[in-house]
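got a predicted structure plus its sequence, pasted below:
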Amino acid sequence: MRRGVGMIELMMVLGILALATMLVVPSWGSDASLRTDAAARLLRSDIEYAQVHSIANPDATIGVVLASDGSGYWLARSESPRIPIVREDSEEPYRVTFGEGRASFAAGVSARVERLQDGMLLFDALGGLANPAADPAYLLSCNEEHVRMTVRAGTGFVRIHR
């Protein structure tokens, strides 16, 4: 008669513990960090949409305008920066408010922008910034968590810094 634990049983127990650890460890992280990172990824996606749209439609460029209170942003035509464009899929204004709708996961996030002359991130027909003084930087914050995004003036490349 055999006593003790065999190699197969030991490997099964270790596998179950590893799986349980993978499920539990992410919940120990900061919720604010996840919300800030998700908001930055959504903003980057919409910045890239504005860039691609401006390359494809050089006579009807659109840009990204940050709300003055930092609660969100919208996409607008260069000639009317205060009026959001209409989304083709829903026929609603292309406005993003952190904590609502598409950005419901980003509750509590606020944003501000540095080094953007007229407050509108606008692209030219080649994908670079139409108003390049320096590389603009978006700062997204939630509680004590911060994410910084920069947009290269010459190329329009968006980089997220943690």
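Done, it's in.

buried residues in the longest helix belonging to the chain, which are they?
Secondary structure of the chain per DSSP state H: the longest helix is helix 31-56. Under the neighbour-count criterion of 16 or more other C-beta atoms under 10 Å, helix 31-56 has 32-33, 35-40, 42-44, 46-48, 50-51, 53-55 buried. Heads up, the C-betas are built off the backbone N, CA and C, glycines and all.

whichever helix or strand comes after that helix vs helix 31-56, what angle?
Sequence-wise, the next helix or strand beyond helix 31-56 is strand 62-66, with elements assigned using DSSP states H and E. Angle between the axes of strand 62-66 and helix 31-56 is 150 degrees (criterion: axes from the mean of the first three to the mean of the last three C-alpha atoms, to 10 degrees).

same question for strand 62-66, mean pLDDT?
Mean per-residue pLDDT for strand 62-66: 95.

please name every helix or strand in contact with it.
The helices and strands touching strand 62-66, judged by 3 or more C-beta pairs under 8 Å, 6 or more residues apart in numbering; DSSP states H and E, are helix 31-56, strand 72-77, strand 110-114, strand 120-122.

and of these, who's closest to residue 89?
helix 31-56 (12.0 Å; C-beta to C-beta).

for the chain, what helix or strand is lowest in average pLDDT?
helix 7-24 (a mean of 82; mean pLDDT, DSSP states H and E).

so for the longest helix of the chain, mean pLDDT?
94.

next: stretch 133-146.
Averaged over stretch 133-146, pLDDT sits at 93.

start and end of it, how far apart?
Using C-alpha to C-alpha, to the nearest Å, one end of stretch 133-146 lies 24 Å from the other.

chain center to that stretch: distance?
Centroid separation for stretch 133-146 versus its chain: 11 Å, with C-alpha atoms, centre = their mean, to the nearest Å.

could I get the buried residue list for it?
Neighbour-count burial for stretch 133-146 [16+ other C-beta under 10 Å]: 135-142, 145.

residues touching residue 35, list them.
Neighbour list for residue 35: 105-109, 142, 145 [criterion: C-beta atoms under 8 Å, 6 or more residues apart in numbering].

distance check, it against residue 110.
11 Å (C-beta to C-beta, to the nearest Å).

any common contacting residues for the two?
With C-beta under 8 Å, 6+ apart as the test, residue 35 and residue 110 both reach residue 142.
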